[in-house]
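Engineer: Sequence first, predicted coordinates after that:
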Amino acid sequence: MSVTKYLKHINETNWYKQGGAISMFYVLGAYYGLNESIGYDNDILYQFKEVNCGYFNKDEEKKKLMIALAKQEKDKKFIDVWIKDWEKHVSDNINFLQKSFSKKEMMRWSDQDLVNFLKKQKSLMVKHWAKGVLLEWSDPEGDKILASLLKKFNVSLTAQEISYLIGPEKFTFVQQEYLDRFEIVKKAKNGKNIENLIKKHSQKYHWYQNTWAYVYEYDFNHFSNLVKNDLKNYDKCVKEVNEIKSHLKTVKDARLKIYRQNKFPQGLKNILCMFRQMTDWRDYRKKMGACIPNYYLYQIIKRLSSENNLSEDLVKMITFDDVSGWKISKKVQAELQSRWGGSVYICDKNKKCKWLYGNDAQKVVDILTEKLSSKELRGVIANRGIVRGEVKLVETKEDFLKMKPGNILVAGMTRPEFVPLMKICGGIITDEGGITCHAAVVSRELGKPCLINTQNATTTLKDGDLVELDANNGIVKIINL
């Protein structure tokens with residue numbers, strides 16, 4: 001497909017944007033999985049330094065979601081079977097990584113060993129992400145579709161009631177790590193020897209802060225220091241543990257009460273069940289689809305970086321298909337520099353993909369930016385409230401240092417690593433996200449005003465802007481002083 005013809009396709013398509021600090025080496029398999037469902041020509045990737053934005057055909061995603069919801073309405077077990085199928089594929093991937101990979105063995109791999117590993121890994125990633133992307137289908141218009149279904153069934157629910165009905169059933173993996181660690185802290189406070197417990201804990205949770213861009217390789221010393229700090233702040237930890245447990249109980253109790261007080265049609269109960277399961281699945285998917293696998297892929301990044309005398313940031317721009325061995329060709333090395341500086345990755349219907357750089361890439365970005373621009377900054381209400389504060393754009397890990405108490409957190413999307421910032425912020429605004437997304441779930445838990453799915457908050461707002469976040473009416477106003 002020529003660039004001119006592709007630009008026509010972009011102009012004629014309704015796009016939905018999502019992204020954040022993301023490395024191509026880690027994420028391209030996930031994008032391919034989405035493409036298998038909506039078509040390779042319905043996904044555009046824009047990379048600038050550490051930040052990656054994916055633009056997806058929202059009409060195709062909506063079609064896929066409507067088909068899934070129609071099946072769920074008739075069969076409550078539809079989503080159970082779907083997630084079980086995904087779980088089988090993602091477990092196959094984790095088992096492959098654990099059985100075929102160790103740091104020592106990887107350092108002895110030949111060029112062909114590396115190519116074979118990445119070929120197999122790509123295949124496994126595409127299989128489980130082709131199922132995992134059901135969550136992406138729900139993000140662009142899941143709230144509107146749910147509202148229309150409630151109207152269809154002649155059921156009226158408040159926003160709070162809906163949040164309870166689709167709220168979590170389980171602790172997130174970040175919460176579970178904290179709760180498990182607190183059990184160790186309690187034993188330490190009672191004078192027990194906890195060294196072996198911390199070793200087991202570090203083996204179980206070494207991946208828990210990994211993201212689509214960064215891998216931290218937390219070890220015994222990391223968790224030992226956390227335990228020591230928790231001991232110093234024991235009373236604060238007790239309070240936080242109680243709040244975590246109390247919130248989940250509140251959601252569960254409220255959900256049961258709503259069901260007892262209302263005789264919902266079975267079809268509607270099936271659909272609400274699907275949205276609720278998607279809330280927990282999103283967190284589980286992050287663990288199994290990114291946090292754990294990226295630990296193994298990072299070991300390859302480090303060796304490629306060392307063997308080619310390139311920064312890890314540059315090496316993370318490489319795709320599995322670029323790799324022919326441990327030595328990266330001069331041509332590919334030059335492309336990595338261009339990708340880091342601003343690039344677009346597109347495919348046609350026949351899965352033929354190419355990178356665009358320079359003016360060609362900028363033309364694509366300009367069209368997408370224009371299509372998603374609006375006179376007013378509006379979004380989907382995730383949690384109600386009104387707050388004023390100073391904007392802080394948070395996209396990379398360096399941006400985390402900017403946040404001060406009361407600031408308005410603006411991001412492409414929040415993820416588990418954002419929780420410490422979400423606890424101190426005054427409110428939250430994101431470009432993307434549906435009613436079961438991370439920002440929506442956590443903002444309800446913390447009681448923070450939150451708007452999601454604005455699509456252009458990170459391009460409209462800038463650091464230092466004073467804004468009024470009106471999450472009662474779904475609008476953000478810049479206050480001129």
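Structural biologist: That came through, no problem.

Engineer: dump the residue contacts of the residue most central in space within the chain.
Structural biologist: For the chain, the residue nearest the mean C-alpha position is Arg415 (5.6 Å; Cα atoms, centre = their mean). Going by Cβ atoms under 8 Å, 6 or more residues apart in numbering, Arg415 touches 20, 211-212, 286, 438. (Glycine included, C-beta is placed from N, CA and C.)

Engineer: ok, now how distant is it from Tyr214?
Structural biologist: Distance, Arg415 to Tyr214, by Cβ to Cβ, to the nearest Å: 11 Å.

Engineer: Could you dump the contacts of Arg415 into a markdown table with pLDDT and distance to His201 added?
Structural biologist: As requested, these are exported to a markdown table (pLDDT from 0 to 100; distance: Cβ to Cβ, whole Å):
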| residue | pLDDT | distance to His201 |
| --- | --- | --- |
| Gly20 | 93 | 28 |
| Thr211 | 95 | 20 |
| Trp212 | 96 | 24 |
| Lys286 | 96 | 20 |
| His438 | 94 | 24 |
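
Engineer: From those residues, pick the one nearest Phe223.
Structural biologist: Thr211 (18.5 Å; Cβ to Cβ).

Engineer: Now do the contacts for the nearest residue to that closest one once chain neighbours are set aside.
Structural biologist: Residue nearest to Thr211 in three dimensions, not counting chain neighbours: Glu417, with 5.7 Å by Cβ to Cβ, 6 or more residues apart in numbering. With contact taken as Cβ under 8 Å, 6+ apart, Glu417 is in contact with 209, 211, 397.

Engineer: so what's Glu417 scoring on pLDDT?
Structural biologist: The pLDDT attached to Glu417 in the predicted structure is 91.

Engineer: separation between it and Ala411?
Structural biologist: On the measure of Cβ to Cβ, Glu417 and Ala411 end up 11 Å apart.

Engineer: Tell me which stretches of the stretch 251-400 of the chain form strands.
Structural biologist: 343-347, 353-357, 377-378, 380-383, 386-393 (DSSP state E, counting those that start in this stretch).

Engineer: So for Ile328, which of those strands sits nearest?
Structural biologist: Of the strands of the stretch 251-400 of the chain, nearest to Ile328 by Cβ to Cβ is strand 353-357, at 15.2 Å.

Engineer: Going by neighbour count, list what's buried in the closest one.
Structural biologist: Within strand 353-357, the residues that count as buried by 16 or more other Cβ atoms under 10 Å are 353, 355-356.

Engineer: helices or strands up against it?
Structural biologist: helix 330-341, strand 343-347 (3 or more Cβ pairs under 8 Å, 6 or more residues apart in numbering; DSSP states H and E).

Engineer: In the sheet, which strands lie alongside that strand, parallel or antiparallel?
Structural biologist: strand 343-347 (antiparallel) (DSSP bridges).

Engineer: List the contacts of the partner strand.
Structural biologist: 1, 6, 24, 35, 40-41, 43-48, 353-357, 360-361, 364-365.

Engineer: now do stretch 162-182
Structural biologist: Contacts of stretch 162-182 (Cβ under 8 Å, 6+ apart): 146, 157, 201, 204-205, 208, 223, 226-227, 230, 237, 240-241, 244-245, 248, 251-252, 254-255, 258, 272, 275-280, 283-284, 286-287, 291, 383, 416, 419, 435-436, 441, 444.

Engineer: Could you rerun that using 6 Å?
Structural biologist: Applying Cβ atoms under 6 Å, 6 or more residues apart in numbering, the external contacts of stretch 162-182 come out as 205, 208, 237, 241, 244, 251, 254-255, 272, 275-276, 279-280, 283, 287, 416, 444.

Engineer: Pull out the buried residues from the residues you listed.
Structural biologist: For these, buried by 16+ other Cβ under 10 Å: 205, 208, 237, 241, 244, 251, 254-255, 272, 275-276, 279-280, 283, 287, 416, 444.

Engineer: Which ones among those residues map onto helices?
Structural biologist: 205, 237, 241, 244, 251, 254-255, 272, 275-276, 279-280, 283, 444 (DSSP state H).

Engineer: now those residues as CSV including distance to Asp113 and pLDDT?
Structural biologist: Shown next, in CSV, are those (distance: Cβ to Cβ, whole Å; pLDDT from 0 to 100):
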residue, distance to Asp113, pLDDT
Tyr205, 29, 98
Cys237, 46, 97
Val241, 46, 97
Ile244, 44, 96
Val251, 48, 96
Ala254, 53, 97
Arg255, 50, 97
Leu272, 48, 97
Phe275, 44, 97
Arg276, 44, 97
Thr279, 40, 96
Asp280, 37, 97
Asp283, 34, 96
Arg444, 47, 94
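
Engineer: Would you convert these into JSON lines that also reports distance to Asp111?
Structural biologist: Shown next, in JSON lines, are those (distance: Cβ to Cβ, whole Å):
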{"residue": "Tyr205", "distance to Asp111": "34"}
{"residue": "Cys237", "distance to Asp111": "49"}
{"residue": "Val241", "distance to Asp111": "50"}
{"residue": "Ile244", "distance to Asp111": "48"}
{"residue": "Val251", "distance to Asp111": "52"}
{"residue": "Ala254", "distance to Asp111": "57"}
{"residue": "Arg255", "distance to Asp111": "54"}
{"residue": "Leu272", "distance to Asp111": "52"}
{"residue": "Phe275", "distance to Asp111": "47"}
{"residue": "Arg276", "distance to Asp111": "48"}
{"residue": "Thr279", "distance to Asp111": "44"}
{"residue": "Asp280", "distance to Asp111": "41"}
{"residue": "Asp283", "distance to Asp111": "38"}
{"residue": "Arg444", "distance to Asp111": "50"}
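
Engineer: one step back: output the strands of the stretch 251-400 of the chain as TSV; include the columns distance to Val133 and mean pLDDT.
Structural biologist: Output for those, formatted as TSV (distance: least, Cβ to Cβ, whole Å; pLDDT from 0 to 100):
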stretch	distance to Val133	mean pLDDT
strand 343-347	16	96
strand 353-357	18	95
strand 377-378	26	96
strand 380-383	20	95
strand 386-393	27	97
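
Engineer: got CSV for those, with distance to Asp180 too?
Structural biologist: Listed next are the strands of the stretch 251-400 of the chain as CSV, based on distance: least, Cβ to Cβ, whole Å:
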stretch, distance to Asp180
strand 343-347, 39
strand 353-357, 42
strand 377-378, 40
strand 380-383, 28
strand 386-393, 31
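
Engineer: So which of the ones you listed is nearest Lys119?
Structural biologist: Nearest to Lys119, of the strands of the stretch 251-400 of the chain and by Cβ to Cβ, is strand 353-357 at 16.3 Å.
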